[in-house]
Structures are given as structure tokens and as C-alpha cells.
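*Asks:* model the following, please.
(one chain, ligands or ions: 1)
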Amino acid sequence: MNGTLSEAAALVSRMTVEEQALLLSGDGWWRTHGIERLGLPAITCSDGPHGLRKLEGLFGNSVPATCFPTAPALAATWNTGLIREVGAALGREAQAADVQLLLGPGINIKRSPLGGRNFEYFSEDPVLSGRMAAAYIDGVQGEGVGTSLKHFAVNSQETLRMATSSDIDERTLREVYLQAFEIAVQHSQPWTVMSAYNPVNGVYASEHRQLLTDILRDEWGFNGFVVSDWGGINDRVEAVAAGTNLEMPGSGDYNRNRIIAAVREGRLPKETLARSVTEVVAVVLEASAARKSDATFDAEAHHALARRVGGESIVLLKNDDGVLPLRAGQKVALIGDFAKAPRYQGAGSSQVNPTRVTNTYYELTTLLGAENLVHAAGCADEGDTNDTLIEDAVGQAASAHVAIVLAGLPDSYESEGFDRRSIDMPPGHVRLIEAIAKAQPNIVVVLLNGSAVSMPWIDGVKGVVEGWLGGEAGGGALADVLTGRVNPSGRLSETFPVGIEQTPAFPAFPSHAGNALYGEGLFVGYRHYDMRNIEPLFPFGFGLSYTKFEYCGIDCSSDAFDADAGGSVRIQVKVRNVGALAGQEVVQLYVHEQAPAHPGPVNELRAFDKIMLAPGEEKTLFFTLDQRDFAHYDPQAHAWSVNPGAFDVRVGGSSRELPLEATLEVRARPLPRKLTRQSLVQDFSAIPAVYEEFARALGFAELVEPESAAASANMTREQVIAARKARVATRAFVNEMPINKVPAFSKGSLSEARLDEILRTASA
Ligand code: BGC
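*Replies:* Got it, this is the predicted structure:
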């Protein structure tokens, strides 16, 4: 992008202010403006994220495109190579439709399972989200099509999304909500980032200079442009100054005139405008150069890819008595409306017009033979049911060897634009499952849903399969897993709670109050369940296989690690397939700090890998950890910092099953504290003369004078103990006093001028 930046700057220098301002607002819903006189073309953007949604206006049918599995499903593959392939396929489809920017991926953190748009986001964990996003971006951009990493930042609630400030402390912001963006930006440089609708700590994301300029650009090195979410601009001039380049959709001359006026009146420096436009033009030039005018895509091949990805995303949650996979010759009753009319994507701006849709009924018939399959709907659209439908379904289930019930969430239960009211499935689905379970002990429930659901019926069923919103080929993917053509290797990308009252942001989510206080702080997703020792229904990272894996050994390249030396430590892990079938395992590595100085999560995911193992095969995997993997964000120093001490590296197949553990002694120097008038007296303990001066001025000279043995010789034992206690209390009082209080407390014996002098000398 750097070469293009200088070319863009040269072009922008030949533009009038009017032309520059024109380029900062869209031409309608999906295009940028071009400038004919300078030969600058326009580019087109379309949603994203799990398929291309090229539209002319706001409504209507978009061009047919492959509908890939939605984000939670993609993340549940834990397979970055596969996600890169999906990205590349999306890039090819964009090229074929003459689209230069794909509006995705979405990587907001799932703060609550009630998030209406959770089906568009990867995970509750920033490392999984960030790595998935990076792979997706690499894939799309490798085809010469840009991406838009969204929604920056802290856009985890749909309720009043344009008007609710996400109020969050700095450490949580950095460690949980920004980290996924940081990973994706630093690893893969998306061509654009989309600023969110919501304010963050009271400042609109599109006007948030600290987020858009200080952090995104200066700290992380982002060099593309920032586009507003559609209708996300509040004050256009503020937004340009803060770092939002392109306003979408276009506002005609409305905001353009405001930008021009601000430049004329000196409220917006013309250099700021020129820089903002240059960043847009650089991407336009890059995207135009990468345009492939004769591009086509192979819809069959992409459908097959969607099926393969879907198969890897499916999570086998329960499989008592090995009820799955289905066996040859078994008579199967397939129950549920979703068996023929599957729910495979969510609603809103991500809704794709699929090239074709397959359903589980059709695909299972193909694999098992029509004679082995019967079907009953059991319920109607939207999950309603009645006695007749239930009786029919029960009759079919009772006469079969095994019943597979497809259930989950109907369309009206989750969508962009609102949050879910409950994590429960429709009562009709629950009633259907319970009725079938009474008639057929071999019952498997297959779930189609975009976010976690409660499962009050779980003890009555033998099998549970999480099928997500699995895209247009989801029916085939499910058939593959149910019949054992594919050994399930998906692992949960989010925790499934028993009930809503177990969840981290309960009952605060969603907020209707104009401010959403992120009061649970760092303890989102598994960080919450682990810290409070709550047993969820299914933990983050969990998933079964038709084979079994054994974790057999862990080794670190060294027992100690110097975090300040800039190096890394290598962890070697051995995993074996001890079952009878080939299968893939997701090996997850978490870091646990033994004695954190500030309370932090118990375990945090730092690395993962997915490997294929033949029966009996053992493989060795290597992970590399560096300073950041042991760091927390220090809000006082506004920097990442490592606490020296012991850290355990824990490895296993889910966040709650980590059989391998190795301990590392991590060495690090504490961050130097910036000394200010708000600093505490104890912050000067490294300068004994100054510390003593404060103690004496405050009237507590005894803190810095040696205890007199003669004095205590005349005291009773009780008096000695009382004196010691007093000394401890006095020391705390003095140590924790901000130094700006010392002049008044010392009645001026330590003057303001002396305080300034101390600060000057100490900071020199
Ligand atoms: C959504 C974005 C989307 C945009 C364009 C907005 O309402 O929040 O994710 O990319 O519309 O459709």
C-alpha cells in the first residue's frame, strides 16, 4: 500500500478542496465517487461477511452467491487454512461481480448469548476471533479484493445500537474487545476498517480519535481507510479529524459542504483533509489495479467447499452409547421442519441469495437410501406445533431405529437490529423433542441456531449435534457427519450456558438506558465461568469426535523466559489418536498466571492448531509464545506489561479439559511509572531521600527512623504489639497518599515549589 500511498498523494495534490470532499462520501449506497478529469475510477463495495450480497439499492434480491456457513460455524472449525480458502472463494465471487470491497469480517466479541448479531461474529475469545479474521482477510485480499474489518469497536449489542454508549474500562477494552482487531490488523492489514455505530465511553466510534488514530493507525500501523458503518456518522467534520475517511452511504452535498466550510473557516486543516482523501485514493488505486474484468467463479466448487467447511464446523456435543454415526441398514426417522426447510443463515445486511440450498432430508436420502428414511415435520414454521403434528412425528420415530430431530431457532428469534429476549428455543421445539424422547430412546437432536441455546431436554436424549447456521450446503454437511462420512472436528467457539442467569452480562444485557456498562470487565465467555467456578452446559472449545485423542506429553524449550529480552519460548506437545477412526483434533493452549498482581482470567487461550491423526498415530506440535502471551494491559502505564512470576502453560482439547501442564518462570522488569502530582508517596520509595522528606513533612518521622530497642524494653508485650500495629497503619496512610496532598497536610512545611522541584528531579 505504501507505493500506492505516494501515488495517491500526488493525485490528491491535484484536486480542489471540493473534489477532495466529494471523495469522502459515497455515491449512493455501495459506490465511491470517481474523478473523471484525473482518471480516478470509482469502486464498489458489498456485504459480507459469509457470502457476497451485491445489491443495487437497499432492498431486493442480491446477485446469486455461495452462502458459506456463518461466522460462529467458521470459527468452530478452528481451521485457519480452511477459512483462508473460504476468503479466497469470497474474493473470487467478488471479482466476478465486479466488487472491490467486501464488508467483512465481523469480529465483535460475544458479550452475551442474547446478542442478536452473534451469528455474524466469530467468538467470545479475542485470539480465536482475531486469527479467524486474519485468515479470512488473507484469503479475500489474496484475490485482489479488499475487506472491511468491522465494527470498530465494542459493538456487542444490537438494542439501540446507534445510541448506546459502550462504557468500558481500559484494560477490558484492550485485552478483550480490541485484541481481536489488533491481531487481524497487524497480521493481515485489511484494506479498510468499519467504525461502529455506537459511542465508546461517550464518544461516537466514528469520532473516536484515540481508537481511530492513536491506536488503529499509530500503534497498530493500519494504513488503509476507515469507512463509517452505514449511517454511523454524527458530526462529519469531527469524524474526518478523528480518522473516519469515507462516509457511507453517501449524503449528497450535505456533509461535503460541511467539510468544505470547515476547511475554509480553518476548523479542519487542509492537510488533514488531504491525508484522509489520500488514504481512500490509495485503496481505490490498489483495488482498481487488482480488478479482473473477465473473472468468473465455479459455483459447484464453491458449494462443495461450503459443504466441507460446514462438515468441519459441526460440533458433536453428546453421543451416549455411540448413537452416532448412523449405521448401515438402520431405519431413521428424520423429524422437524428444518429437515426440509433448513435455517442456514441470519437476517439483515449479511443475508445472501444462495446459488442453491441443500437440505438434510434430501442429502440423507441420497446417502442412506430412501427406504431407510422417514420424515415428519413435527412442527410448523417459526417453531409452533400442535397435537396432530406431534402425534405423527412420534409415530414415525417409534417405528424407526433412531430418531433425528432438527430444531433450534427460527428466523424471528435472532437478527441484526435487535437482541434475543431469551436463550430458550421455541416451546414447540422443546415439546417436540420431549415427546419424541419418550417414544424413541435413540434420539439425537440436531441444532440449527446462530448463538447458544438452553437445552432443558438434554438428559432425555442420547445425542446432540450443533449444526449452527451452516450455509447453503449445511444439509449435506450434516448428512456427512450423521453418517460418519466426516468425523466431527468442530469445537465450540462460544460457551453454552445452562441458563441465561449463568451468563457474564446477566442481567445487564442488553441495556436500554443509553449507556451499556461493561461491568463484568475481563470476565467474558469462559473467563467468566472459570473465574466464578460455574459449570456451563458445554464449555468453550468443547466438542466430541468419533475417535479418541490422548494428550501424551509437553515440553518447553526452557524453564525460564525473559519477557523483556524480546525472545520467545517454544512449547512442544504430543497428541495421539487412540481410537479406531481417523479424525482431527483441535489442540488448544491456554496460559495461567499463578499469582497475578491484579485479578485476571484463570486461563486464556493463546494458541491453537488443528491436526489430522490416523488411528494409532501420534504427532508432535510446536507452539511459540512471546512477551505478549504473558502480558496484561496496565491501565496506569497505558501499556502492556508482564508481571514476573510463574505461569502455567496448559494444553488440551477444551477450555475445561487441559491435561498437559508445564510451568515457566517468567522474568520481567516492572514498567517505569510516570511520576506526577497524582503519584503516591510509595512511588518514591526507590528514592529514599525523597521518601524520607515526605514522611517527615507529614509528621511521621518514626517511619524512617530505626525502632529504638531501649524504648520497647520499657513496654509491655501488649504495648509492643500495639505500637507495631500503629506503625503498619501509619505506613499505609503515608504510602498511599497522593503527593499533591502533602503541602496542605504538612501545613506548607513542604511547599508547592518544592513538590515541583522533586517531580522535576525525579523524572529527569
Ligand atoms: C451493518 C454493517 C453493514 C452495512 C451495509 C450496517 O447496517 O451494521 O455490518 O456492512 O449496514 O449493509
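*Asks:* make it CA atoms for all contacts and neighbour counts henceforth
*Replies:* Noted.
*Asks:* can I take it that V446 is in a helix?
*Replies:* No - the assignment for V446 (DSSP: H, G, I helix; E, B strand; the rest coil) gives strand, which keeps it out of a helix.
*Asks:* and it, what's its pLDDT?
*Replies:* For V446, the model assigns a pLDDT of 98.
*Asks:* over to the closest residue to the ligand within the stretch 551-700 of the chain. Which of the three states is it?
*Replies:* Nearest to the ligand, among the residues of the stretch 551-700 of the chain, is L605, at 26.9 Å (CA to the nearest ligand atom). Secondary structure state of L605, per three-state DSSP, is strand.
*Asks:* all helices in the stretch 151-300 of the chain, in order from the N-terminus.
*Replies:* 170-172, 179-188, 209, 236-242, 254-264, 270-289, 299-313 (DSSP state H, counting those that start in this stretch).
*Asks:* which one of the ones you listed lies nearest to the ligand?
*Replies:* That would be, of the helices of the stretch 151-300 of the chain and by CA to the nearest ligand atom, helix 179-188, which comes in at 15.3 Å.
*Asks:* give the other helices and strands that that closest one contacts.
*Replies:* Packing contacts for helix 179-188, counted by 3 or more CA pairs under 8 Å, 6 or more residues apart in numbering; DSSP states H and E, involve helix 126-141.
*Asks:* not counting residues beside it along the chain, what's closest to L660?
*Replies:* Nearest residue to L660, sequence neighbours excluded (CA to CA, 6 or more residues apart in numbering): V651, at 5.0 Å.
*Asks:* ramachandran coordinates for the one you found?
*Replies:* Dihedral pair for V651: phi -130, psi 140, per degrees, to the nearest 10.
*Asks:* quick one: contacts for it?
*Replies:* Contact analysis of V651 by CA atoms under 8 Å, 6 or more residues apart in numbering lists V573, V587, Q588, L589, Y590, L658, P659, L660, E661.
*Asks:* what about the residue nearest to the last one when sequence neighbours are not counted, which helix or strand?
*Replies:* Closest residue to E661 in three dimensions, ignoring its sequence neighbours and counting by CA to CA, 6+ apart: R650, at 4.5 Å. Secondary-structure assignment from DSSP states H and E places R650 in strand 645-652.
*Asks:* distance between that strand and the chain's centre?
*Replies:* Centre-to-centre, strand 645-652 and its host chain are 23 Å apart (CA atoms, centre = their mean, to the nearest Å).
*Asks:* buried residues in the next helix-or-strand element following that strand, which are they?
*Replies:* Per DSSP H and E, the first helix or strand lying C-terminal to strand 645-652 is strand 660-667. Judged by neighbour count (16 or more other CA atoms under 10 Å), strand 660-667 contains these buried residues: L660, E661, A662, T663, L664, V666, R667.
*Asks:* G567: neighbour count?
*Replies:* 12 (other CA atoms under 10 Å).
*Asks:* how about R308?
*Replies:* If we define neighbours as other CA under 10 Å, then R308 has 18 of them.
*Asks:* circling back to that earlier point, how close does the residue nearest to L660 sit to D629?
*Replies:* 14 Å (CA to CA, to the nearest Å).
*Asks:* now R308
*Replies:* 32 Å.
*Asks:* packing partners for the helix or strand hosting L334?
*Replies:* Assigning secondary structure by DSSP H and E places L334 in strand 332-335. Judged by 3+ CA pairs under 8 Å, 6+ apart, the packing partners of strand 332-335 are strand 373-376, helix 387-398, strand 402-408.
*Asks:* circling back: tell me what the residue nearest to E661 is bridged to.
*Replies:* Beta bridges link R650 to Y590, E661, judged by DSSP bridges.
*Asks:* in the stretch 151-300 of the chain, what residue lies closest to the ligand?
*Replies:* Nearest to the ligand in the stretch 151-300 of the chain, going by CA to the nearest ligand atom, is W230, at a distance of 4.8 Å.
*Asks:* so what pLDDT did that residue get?
*Replies:* W230 is assigned 98 on the pLDDT scale.
*Asks:* am I right that it is in contact with L246?
*Replies:* No - counting by CA atoms under 8 Å, W230 does not reach L246; the two are 10.4 Å apart.
*Asks:* between these two, who's got more neighbours?
*Replies:* Shown here are W230 and L246; by other CA under 10 Å, L246 has more neighbours (29 against 16).
*Asks:* now for the helix or strand where Y362 lies, which elements pack on it?
*Replies:* In the assignment (DSSP H and E), Y362 maps to helix 360-368. Here helix 360-368 touches strand 373-376, helix 474-483, going by 3+ CA pairs under 8 Å, 6+ apart.
*Asks:* and that helix with helix 474-483, angle?
*Replies:* Helix 360-368 runs at 50 degrees relative to helix 474-483, counting by axes from the mean of the first three to the mean of the last three CA atoms, to 10 degrees.
*Asks:* my guess is L334 contacts A370, does it?
*Replies:* No - using CA under 8 Å, L334 makes no contact with A370, being 11.6 Å away.
*Asks:* these two - which one has more neighbours?
*Replies:* Neighbour totals were compared for L334 and A370, and L334 leads with 28 against 14 (other CA under 10 Å).
*Asks:* alongside the ligand, which residues does the stretch 101-250 of the chain contribute?
*Replies:* Applying CA under 6 Å from any ligand atom, we find that the stretch 101-250 of the chain lies next to the ligand at L103, D229, W230.
*Asks:* in strands, which of the residues you listed appear?
*Replies:* Residues of those located in strands (DSSP state E): L103.
*Asks:* pipe the residues of the stretch 101-250 of the chain next to the ligand into a markdown table and attach distance to E707 per row.
*Replies:* A markdown table is the format used below for these (distance: CA to CA, whole Å):
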| residue | distance to E707 |
| --- | --- |
| L103 | 70 |
| D229 | 66 |
| W230 | 69 |
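*Asks:* tell me which of the residues of the stretch 101-250 of the chain next to the ligand is nearest to G521?
*Replies:* If you rank these by distance to G521 using CA to CA, D229 comes first, at 25.6 Å.
*Asks:* and that closest one, what does it touch?
*Replies:* Listed by CA under 8 Å, 6+ apart, the contact set of D229 reads H151, M194, S195, A196, Y197, E247, M248.
*Asks:* for G310, same thing?
*Replies:* F68, P69, A73, L74, G470, G471, A473, G474, A477, L478.
*Asks:* now do 7 Å
*Replies:* By CA atoms under 7 Å, 6 or more residues apart in numbering, the residues touching G310 are P69, G470, G474, A477.
*Asks:* how far away is the last one from A595?
*Replies:* If I follow you right, that is A477. With CA to CA as the criterion, A477 and A595 are 45 Å apart.
*Asks:* more neighbours: which of those two?
*Replies:* With neighbours defined as other CA under 10 Å, A477 and A595 compare such that A477 has more, 29 against 13.
*Asks:* picking up where we left off before, same list (the helices of the stretch 151-300 of the chain) but as CSV, adding mean pLDDT.
*Replies:* Rendered in CSV, the data for those read as follows (pLDDT from 0 to 100):
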stretch, mean pLDDT
helix 170-172, 98
helix 179-188, 98
helix 209, 98
helix 236-242, 98
helix 254-264, 98
helix 270-289, 98
helix 299-313, 98
